[in-house]
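Chemist: Sequence and predicted structure, then a few things I'm wondering about:
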Amino acid sequence: MSHIKTPKAPTILDALIPLIILITLLSTSVYLFGSDSSYGPNQIALLIAAGAALIVGLKNGYQWFELEESIVKGISLSLGAIMILLVVGSLIGTWMLAGTVPTLIYYGLQVINPSWFYPACCILCAIVAMSIGSSWTTAATVGVALMGVSEGMGLSAAITAGAVISGAYFGDKLSPLSETTNLAPAIAGSNLFAHIQHMLWTTVPSFILAVIIFTVIGLTSDVSGQSEQIAKFSNILQSNFNIGITTLVPLFVLLALAIKKMPAFPAVFIGALLGGLWAVLFQQDLIAAMNEGKNGFTAQLSLVWTTMHSGVKMDVGNESLNSLLSRGGMASMMNTTWLIITALTFGGVMEKVGLLRKIVEIILHAAKSTGSMITSTILTCVGTNLITADQYMAIVMPGRMYKEEFERRGLDSVNLSRSLEDGGTITSPLIPWNTCGAYMSGTLGVATLDYFMYCFFNLINPILAIFFAYLGVKILRLTPPPSVAQEVKKNESFA
């Protein structure tokens, strides 16, 4: 009977080779294709890097079936996100057809002053996300509408996307209804509300700074002459859609379902179906025009069905509005799905072969002081987001790896849970191939590399958390055994 050998532990060179290949290929992809790199080139880079990790695994004694199983397992982690992505595509399409998004755009154009749009956008998304506990749902509903308002005002789509994401992740992070906000303390072993309270020290200042920056950008932007464009867009929307509070019912229903903690997939799918029904009830003239005069039940059903799988194509007599309103459909999310699958293929192999853990062990050995320990945790979460392409993995894996070390050093578990969110949750939408980055790009219609530098909250929060860690601001400690306390003090003296 054949004897299967135990695979060898990876060396640091083993761990670095796939990462170096990935970084080189992704950099080349961005250089050659720019913001279009996520529409094919990045996927190829991720698969080649996954191939390098597979070769390292085979060299170290892993069997092919083990590595293949890790790929399947890695991809399976994203199936829930992929299903949500697909129905979000349908929701965007039917809400365009139903006039839900156009109505939100119309009211936004009437109410929001262009000079204050960016901070208002950020604050509004923060309020909605905190209420429902979901950055994804916030982006797919209010976020999509705000992107339309931005277009109508002639403002920057990239800055608007940054404001939407900044607000959505602030609200998501502090909401007790959020999955990641519950996951982080569960992994670290801290209390949920103690975790939220401890996060306020890094999260609130970061958000205030972000809002200030958005305010300065808005007040210093040239918005002269935009009143004419706003009036033009408003008139076109009114003449093509039945604008009114009734068309917002699908939005109110979806927000109510989210507050009631219905899982995202059925809640969004119900919202998409309701959007199709509302289109038939309230946009008869639009449907007839799109069906070239045919307005029977079969023609209406066919249009709604097509909208759910392929999106909607609008012709309202204005090129900018045509581009803005012609969106949605499950098909529009297929590239995002492809990106997520290839990224998780790479992450699954890296985890199975132990390459990520090897890098973390080296980092952990070098972390002597409390400041460097928290910094290492945050950077590991960022690295896990880069490698595994999933924010949940970026919370779970570092949380498990660092939990014992935090206890050994006499650090309260809320320090770990806060660091997991500061590094894992916050940075996920900044990475093009991460599930969150791919989702935000696909939903808001702006490339991740374009909105990246405007996600001020997401960029400031990890930096501020590291700064506070070295200053010792709100670092809660346990009462450790004397031997451990002496060891920690000795280690910190050499930091």
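Modeler: Looks like it arrived, so ask away. Numbers count the residues shown, from 1 in each chain.

Chemist: need the contact list for residue 142.
Modeler: Each residue near residue 142 by CB atoms under 8 Å, 6 or more residues apart in numbering is listed here: 104, 124-125, 128, 164. All C-beta atoms are positioned from the backbone trio N, CA, C, and that covers glycine.

Chemist: likewise residue 166?
Modeler: Here residue 166 is in contact with 122, 125-126, 207, 210, 214, 455-458 (CB under 8 Å, 6+ apart).

Chemist: quick one: which of those residues sit in helices?
Modeler: In helices, defined here by DSSP state H, the members of the contacts of residue 166 are 122, 125-126, 207, 210, 214, 456-458.

Chemist: Wait, residue 49 touches residue 17, no?
Modeler: No. Counting by CB atoms under 8 Å, residue 17 is not a contact partner of residue 49; they are 9.4 Å apart.

Chemist: Neighbour count for those two, which is higher?
Modeler: Between residue 49 and residue 17, counted using other CB atoms under 10 Å, the more crowded position is residue 49 (27 against 18).

Chemist: Can you tell me, leaving aside adjacent residues, what's nearest to that one?
Modeler: Setting aside the residues directly before and after it, residue 49 is nearest to residue 22 in space (CB to CB, 6 or more residues apart in numbering), at 3.7 Å.

Chemist: okay, now that neighbour: neighbour count?
Modeler: Close neighbours of residue 22, defined as other CB under 10 Å, add up to 23.

Chemist: ok, and what's touching the helix or strand hosting it?
Modeler: Under the criterion of DSSP states H and E, residue 22 resides in helix 12-33. Residues from elsewhere that reach helix 12-33, judged by CB under 8 Å, 6+ apart: 37, 39, 41-42, 44-46, 48-50, 52-53, 56, 59-60, 346, 350, 353, 355-356, 358-359, 362, 387, 449.

Chemist: Going by distance to residue 391, which of the contacts of residue 166 wins?
Modeler: Ranked by distance to residue 391 (CB to CB), the contacts of residue 166 are led by residue 458 at 11.7 Å.

Chemist: ok, that closest one touching residue 427?
Modeler: Yes. The pair residue 458 / residue 427 is scored as a contact, 6.4 Å apart, by CB under 8 Å.

Chemist: Give the residue from those two that has the larger number of neighbours.
Modeler: residue 427 (28 against 25).

Chemist: ok, now which ones touch the more buried one?
Modeler: Counting by CB under 8 Å, 6+ apart, residue 427 has contacts 381-382, 385, 394, 458, 462.

Chemist: Let's see that with 10 Å instead.
Modeler: Shown in contact with residue 427 (CB atoms under 10 Å, 6 or more residues apart in numbering): 169, 378-379, 381-386, 391, 394, 434, 436-437, 455, 458-459, 461-462.

Chemist: got it, and residue 162?
Modeler: When contacts are counted by CB under 10 Å, 6+ apart, residue 162 is found next to 118, 121-122, 156, 210, 213-214, 217, 429, 444, 446, 450-459.

Chemist: circling back to that earlier point, now the contacts of residue 166 as CSV including pLDDT and distance to residue 180?
Modeler: Listed next are those as CSV, based on pLDDT from 0 to 100; distance: CB to CB, whole Å:
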residue, pLDDT, distance to residue 180
122, 95, 19
125, 92, 16
126, 93, 16
207, 97, 16
210, 97, 19
214, 96, 24
455, 97, 16
456, 97, 20
457, 97, 15
458, 96, 13
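
Chemist: Nearest to residue 184 among those?
Modeler: residue 458 (16.1 Å).

Chemist: if I look at the closest one, how far off is residue 388?
Modeler: Per CB to CB, to the nearest Å, residue 458 is found 18 Å from residue 388.

Chemist: for the contacts of residue 142, which one is nearest residue 319?
Modeler: For the contacts of residue 142, the nearest to residue 319 is residue 104 (21.2 Å; CB to CB).

Chemist: All the helices of the stretch 201-350 of the chain, residue numbers only.
Modeler: Per DSSP state H, counting those that start in this stretch, the stretch 201-350 of the chain carries helices over the ranges 226-240, 249-259, 264-282, 284-290, 297-310, 319-325, 334-353.

Chemist: average model confidence for the third one?
Modeler: The predicted model gives helix 264-282 an average pLDDT of 92.

Chemist: Show me what counts as buried in it.
Modeler: 264-265, 267-276, 278-280, 282 (16 or more other CB atoms under 10 Å).

Chemist: same thing with stretch 16-23?
Modeler: Going by 16+ other CB under 10 Å, stretch 16-23 has these buried residues: 17-19, 21-22.

Chemist: can you list the helices of the stretch 201-350 of the chain in JSON lines and add distance to residue 142?
Modeler: Output for the helices of the stretch 201-350 of the chain, formatted as JSON lines (distance: least, CB to CB, whole Å):
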{"stretch": "helix 226-240", "distance to residue 142": "17"}
{"stretch": "helix 249-259", "distance to residue 142": "8"}
{"stretch": "helix 264-282", "distance to residue 142": "13"}
{"stretch": "helix 284-290", "distance to residue 142": "23"}
{"stretch": "helix 297-310", "distance to residue 142": "21"}
{"stretch": "helix 319-325", "distance to residue 142": "16"}
{"stretch": "helix 334-353", "distance to residue 142": "20"}
